[in-house]
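>>> model the structure of this input:
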Amino acid sequence: MERDLRTLKNVGNLNLFVKFLKLCAGRIGQLLNESSLANECGVSTPTINSWLSVLEASFILYRLRPDFRNFNKRVVKTPKLYFYDTGLACSLLEIDSVNQLKSHFARGSLFENLVINEFMKSSLNQGKEPRLSFWRDNVGHEVDLIQDQSGKPYAYEIKSAETFNWEFLDNLNFWGKISGYPHEQKAVLYAGAKELSLTEANVIPWNKLAF
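From the prediction side, this is the model:
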């Protein structure tokens, strides 16, 4: 990656650029804040935007757009950052083993990134443009992933836990209540092994999801 980046424009100080990459890895699944990244790197906001463009063009990271359906609520219009390769993200976060990952602060974000990547791959492997987004209002209610299929939005809550918790349904229930969409269009994807069919939503092990 470093060898490729040396050939790209807009990357003068490679060490500073790698610091920027590590900061991005620590912000997986968070709303993109260019000003914060600029302050921590000691560069201008236009430079951060230029670097982000380089990383997107290199298929290193991507921005997940927000869903603008507001259902009479004010919604966030800022994208989130994710990496195409969660292994690279782990390397940037200096995660060297599975055991280290289990207790790492970014475990949940990396798992979320992994699952969203599976949706991305499924669409691209079928020759389709991924129709993926997330939904969040201005008071913090959030749905991790929205997938549009044949004009219908399907909402997913993504959890790295191996045991189901009823709190996983809170944001999906809120979204369902204000949107009016049925429970068939809502699901929890988690790291457990047990599949559940609930009145509120389906609970599905992430690796058993049928795309």
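>>> report all helices and strands that the top helix by length along the chain contacts.
Longest helix of the chain, by residue count under DSSP state H: helix 107-125. Secondary-structure packing of helix 107-125 (3 or more CB pairs under 8 Å, 6 or more residues apart in numbering; DSSP states H and E): strand 80-83, helix 86-92, strand 132-136, strand 142-149, strand 152-159. Bear in mind the C-beta positions are built from the backbone N, C-alpha and C, glycine included.
>>> ranges for the helices of the chain?
2-6, 14-25, 34-41, 45-57, 86-92, 98-102, 107-125, 170-179.
>>> now mean neighbour count and distance to residue 66 too, for the ones you listed, in a markdown table please.
Output for these, formatted as a markdown table (neighbours: other CB atoms under 10 Å; distance: least, CB to CB, whole Å):
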| stretch | mean neighbour count | distance to residue 66 |
| --- | --- | --- |
| helix 2-6 | 11 | 28 |
| helix 14-25 | 17 | 18 |
| helix 34-41 | 15 | 16 |
| helix 45-57 | 16 | 16 |
| helix 86-92 | 18 | 21 |
| helix 98-102 | 11 | 28 |
| helix 107-125 | 18 | 14 |
| helix 170-179 | 17 | 13 |
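>>> dump those to a markdown table, plus distance to residue 158 and mean pLDDT.
Shown next, in a markdown table, are the helices of the chain (distance: least, CB to CB, whole Å; pLDDT from 0 to 100):
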| stretch | distance to residue 158 | mean pLDDT |
| --- | --- | --- |
| helix 2-6 | 30 | 68 |
| helix 14-25 | 18 | 90 |
| helix 34-41 | 24 | 96 |
| helix 45-57 | 22 | 90 |
| helix 86-92 | 13 | 96 |
| helix 98-102 | 16 | 93 |
| helix 107-125 | 5 | 96 |
| helix 170-179 | 11 | 93 |
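>>> out of these, which gets nearest to residue 76?
Checking the helices of the chain against residue 76 by CB to CB gives helix 170-179 as the closest, at 13.4 Å.
>>> and the angle from that closest one to strand 152-159?
160 degrees (axes from the mean of the first three to the mean of the last three CA atoms, to 10 degrees).
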